[in-house]
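In: what follows is a predicted structure for the sequence shown.
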Amino acid sequence: MLNSSGKKMSSEKKKQPANNNNIVSINSKLPPQNLEAEQAILASILIDNHALNTCLEHITSDDFYKEAHKIIFKAMLDLSEKNEPTDLVTLNSALEKNGIINKIGGSAYLSHLVDAIPTSANVASYAKIVRERSILRSLVSVGTEIVSECYANTSDVNEVLDMAESNIFSITEKKSGEGFSPLKDLVKTSYKNLETLYENQSSITGVRTGFTDLDKMTAGLQPADLIIIAGRPSMGKTAFVLNLVENAAKLDDAKVAVFSLEMSKDSLVTRMLTSQARIDSMKVRTGDVQESDWSKLLQAAEGLSNMKVFIDDQPAQTSLDVRAKCRRLAKEMKGLDLIVIDYLQLMRGATKTQSREQEISEISRSLKALAKELNCPVIALSQLNRSLESRVNKRPMMSDLRESGAIEQDADIIAFIYRDVVYDPETPDKNVAEIIIGKQRNGSIGTCRLSFLNQFVRFEDLAFDPEYEFESVPNEDTIVSDSGPEIEPEDVIF
């Protein structure tokens, strides 16, 4: 290929990263910007120093297009942090002291800024304009990089897709939130919600799990909650959450997204079919299905087909992958009611970190942010540390969570699944599973008991027993230790 001077260009030219403020498009257009709005922001701050606080709710120095404006805004921030006034004299002095006054066009340019606007009243509008132009430049920059990658044709197409999606959604993550809301408006909204609850007279305000005692304890799975369900292998974590998904889809017509990072779609659906049909799963796996079983399977298949459940079995997904897919599905379905991830430790962080614990921390925060963004509960299954196997009482506690620090902090509910028969085949509670609520941000903690039908790999309510009612204790700092019935602060529940 020849350049404009007729010289051959190197095909091995090193790729340069796209620059927000130095973008050459196909039509050689100037990148999106509004220098007048940038000048108006700086002038507003010179007129009224309090305008800087308003600006910081919308923009940073990187949102300015003109380099001189970035430098001036940073100098204003430095003065503000030092509790010094920002005017022509102090600003000029700060820029001279740092030897950068000439980079902005000298003192004359500062004097010119003061005349840009007569008042600082509209500074928020100016800041929004500058922010919007900055986002557009970022999109152009990412678009240019995507086009470059596509033409280079040196990367796997899936890597290019992942890069494109990640970069675009990273721009959306930088958008400012809504900021403060007046208590007056919040009270009105909350009061209306309370009126609705009173009129409905229902103890279940969230998505129903289909397990009576669990729904009593949680009032259903609440919007924006991150729910961790943890257990050791063979406790039935996947079976439990699949039964929960079926119940939510059947009882509440819930729209559910399921990410299976361990099992394939076919394996999951087969398990759901045999569980719904109440057919021995081992017989199905070996092909030993009786003639009478087919009608049950057909009925189960019809029921599952009517459910709004969507399964993704791509392994080793990043938190960004999950968020991007959920956003698209939520847009397509006009909202989601529940998101399930099986399981958390099989996910990858969106960025490289120094330790696995930091990576899990990033994933945990991302899932909580996803729950808030889509306003639906997110369930993430989690592993437990092997160390609990050495204890006499093997019921899980909070410290058993693998890479537990961030998970404990971010989760609204943490539940453990425990089946005594896994450790003691002679236990009288062979078909009993305990769902131990170890943390509930807005409710009580305690234990509810379910029936586990091993041959069907299915959880159900225990048969009614008038002497049994789920155990519940106030959500306080005092919790039961694993060593026995003694109650010790700062220990775990159970």
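Out: Received the coordinates, thanks.
In: and the helices in the stretch 101-250 of the chain?
Out: With DSSP state H, counting those that start in this stretch as the criterion, the stretch 101-250 of the chain has helices at 107-114, 123-152, 157-173, 183-200, 212-218, 237-252.
In: can you put the ones you listed in TSV and add mean neighbour count and mean pLDDT?
Out: In short, each C-beta sits where N, CA and C put it, glycine included. Listed next are these as TSV, based on neighbours: other Cβ atoms under 10 Å; pLDDT from 0 to 100:
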stretch	mean neighbour count	mean pLDDT
helix 107-114	15	90
helix 123-152	18	91
helix 157-173	14	74
helix 183-200	10	75
helix 212-218	21	92
helix 237-252	22	94
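In: any low-confidence regions in the stretch 1-150 of the chain?
Out: The model of the stretch 1-150 of the chain has pLDDT under 70 over residues 1-27.
In: re the thing from before, export the helices of the stretch 101-250 of the chain to CSV and tack on distance to Leu56?
Out: Below are the helices of the stretch 101-250 of the chain laid out as CSV (distance: least, Cβ to Cβ, whole Å):
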stretch, distance to Leu56
helix 107-114, 19
helix 123-152, 9
helix 157-173, 18
helix 183-200, 22
helix 212-218, 39
helix 237-252, 42
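In: so Val421 sits in a strand?
Out: No - going by DSSP: H, G, I helix; E, B strand; the rest coil, the assignment for Val421 is helix, not a strand.
In: how close does the closest residue to it other than its chain neighbours get to Glu165?
Out: Distances taken as Cβ to Cβ, 6 or more residues apart in numbering place Lys430 nearest to Val421, at 4.8 Å, with adjacent residues excluded. Remark: distance between Lys430 and Glu165 (Cβ to Cβ, to the nearest Å) = 48 Å.
In: and for Ala316?
Out: Counting by Cβ to Cβ, the separation of Ala316 from Glu165 is 16 Å.
In: swap in Glu460?
Out: With Cβ to Cβ as the criterion, Glu460 and Glu165 are 40 Å apart.
In: what residue, apart from its backbone neighbours, is nearest Arg278 spatially?
Out: In this structure, Arg278 finds its nearest non-sequential neighbour in Phe456, 5.0 Å apart by Cβ to Cβ, 6+ apart.
In: could you do Ser382 as well?
Out: Using Cβ to Cβ, 6+ apart and skipping the chain neighbours, the partner closest in space to Ser382 is Ala230 (4.2 Å).
In: which secondary structure element is home to Leu329?
Out: Leu329 is part of helix 319-333 when elements are defined by DSSP states H and E.
In: taking their axis directions, that helix and helix 157-173 sit at what angle?
Out: Using axes from the mean of the first three to the mean of the last three Cα atoms, to 10 degrees, the inter-axis angle of helix 319-333 relative to helix 157-173 is 80 degrees.
In: list the helices and strands helix 319-333 packs on?
Out: helix 157-173, strand 256-260, helix 356-374 (3 or more Cβ pairs under 8 Å, 6 or more residues apart in numbering; DSSP states H and E).
In: give me the buried positions along the very next helix or strand once past the shortest one.
Out: By that I understand strand 256-260. Of the helices and strands lying after strand 256-260 in sequence (DSSP H and E), the nearest is helix 265-277. For helix 265-277, a neighbour-count test (16 or more other Cβ atoms under 10 Å) marks Leu268, Val269, Arg271, Met272, Leu273, Thr274, Ser275, Gln276, Ala277 as buried.
In: packing partners of whatever helix or strand comes next after helix 265-277?
Out: Downstream of helix 265-277, the next assigned helix or strand under DSSP H and E is helix 281-286. Contacts defined by 3+ Cβ pairs under 8 Å, 6+ apart place helix 281-286 against helix 265-277.
In: swap in 6 Å and give it another go.
Out: Judged by 3 or more Cβ pairs under 6 Å, 6 or more residues apart in numbering; DSSP states H and E, helix 281-286 is in contact with no other helix or strand.
In: may I see the buried residues of it?
Out: Buried residues in helix 281-286 (16+ other Cβ under 10 Å): Ser281, Val284.
In: likewise stretch 216-236?
Out: Neighbour count says stretch 216-236 has 216-232, 235-236 buried, by 16+ other Cβ under 10 Å.
In: now do the strands in the stretch 351-494 of the chain.
Out: Secondary structure of the stretch 351-494 of the chain (DSSP state E, counting those that start in this stretch): strands at 378-382, 413-418, 432-440, 445-453, 458-461, 471-473, 478-480, 487-489.
In: adjacent strands (with direction) for the second one?
Out: Strand 413-418 has its sheet partners listed here by DSSP bridges as strand 226-230 (parallel), strand 432-440 (antiparallel).
In: tabulate these (a markdown table), appending distance to Lys66 and mean pLDDT.
Out: Shown next, in a markdown table, are the strands paired with strand 413-418 (distance: least, Cβ to Cβ, whole Å; pLDDT from 0 to 100):
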| stretch | distance to Lys66 | mean pLDDT |
| --- | --- | --- |
| strand 226-230 | 42 | 95 |
| strand 432-440 | 50 | 94 |
